[in-house]
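A.B. asks: Here is my input; please provide its structure:
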Amino acid sequence: MGLTEAFLGWPVVRQLTGNDPLGRGAAAQSARTAALQPRTATADRVARTVCPYCAVGCGQLAYVKDEKVVQIEGDPDSPISRGRLCPKGSASEQLVNSDRRKTTVLYRRPRGTEWEELDLDTAMSMVADRVADARERTWQDSDEQGRPLRRTMGFASLGGATLDNEENYLIKKLFTALGAVQIENQARI
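C.D. replies: Numbers count the residues shown, from 1 in each chain. Have a look, this model is predicted:
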């Protein structure tokens, strides 16, 4: 780069000789800054989603490139959050892409000291078998006076705040159909 080019590249010279006399736009911008573009510009697609952190249900836009989330921003079309996210919601891209994120089912046997990986089908079968067993062992068809109860006290449900209303509704329906009495979610506690 020659001396003249270097001189003409100074911001104050660009400000005085260009179309930005107040130095608030292109005159104050370096070549490196002018070449920058947002991560969202190169995304292959945008997925609308809901923040997983609390029961508010803020809308998010997840920008995906090469099947990897590269940026998460608030969804301006969301009637709940209108494009805003709290600090945890803003950092949820790190939750998705963390190298410490567990992506397999871990199981520790009774009185065991180590975790072992299970495939999802095996884990789901174990849960279903245990629910059916607990329901069968603890089923109460009627009380001492013969009044119908049709319930089990053998298990309960406690949903987390990361579940939305629809998920909590379906869980409530499932556990009610199974005969559970104690059905709650963290958002109500």
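A.B. asks: what residue lies at the spatial centre of this structure?
C.D. replies: In the chain, the residue lying closest to the centroid (CA atoms, centre = their mean) is Pro52, at 3.2 Å.
A.B. asks: Need the three-state assignment for that residue.
C.D. replies: Reducing the assignment at Pro52 to three states with DSSP: H, G, I helix; E, B strand; the rest coil gives coil.
A.B. asks: Could you verify my assumption that it touches Leu95?
C.D. replies: Yes: counting by CB atoms under 8 Å, Pro52 touches Leu95, with 7.1 Å between them. C-beta: built from backbone N, CA, C; applies to glycine.
A.B. asks: I'd like the distance between Arg84 and Gly59.
C.D. replies: Taking CB to CB, to the nearest Å as the criterion, Arg84 is separated from Gly59 by 10 Å.
A.B. asks: So for these two, which residue has more residues nearby?
C.D. replies: The neighbour count for Arg84 versus Gly59, taken as other CB atoms under 10 Å, is higher for Gly59 (22 against 15).
A.B. asks: what's across from the more buried one in the sheet?
C.D. replies: For Gly59, the residues forming beta bridges with it (DSSP bridges) are Val50.
A.B. asks: Thought Glu73 was touching it, still the case?
C.D. replies: No: contact criterion CB under 8 Å: Gly59 and Glu73 do not qualify, at 9.9 Å.
A.B. asks: Isn't Leu120 up against Leu106?
C.D. replies: No: the criterion here is CB under 8 Å, and Leu120 misses it with Leu106 at 11.7 Å.
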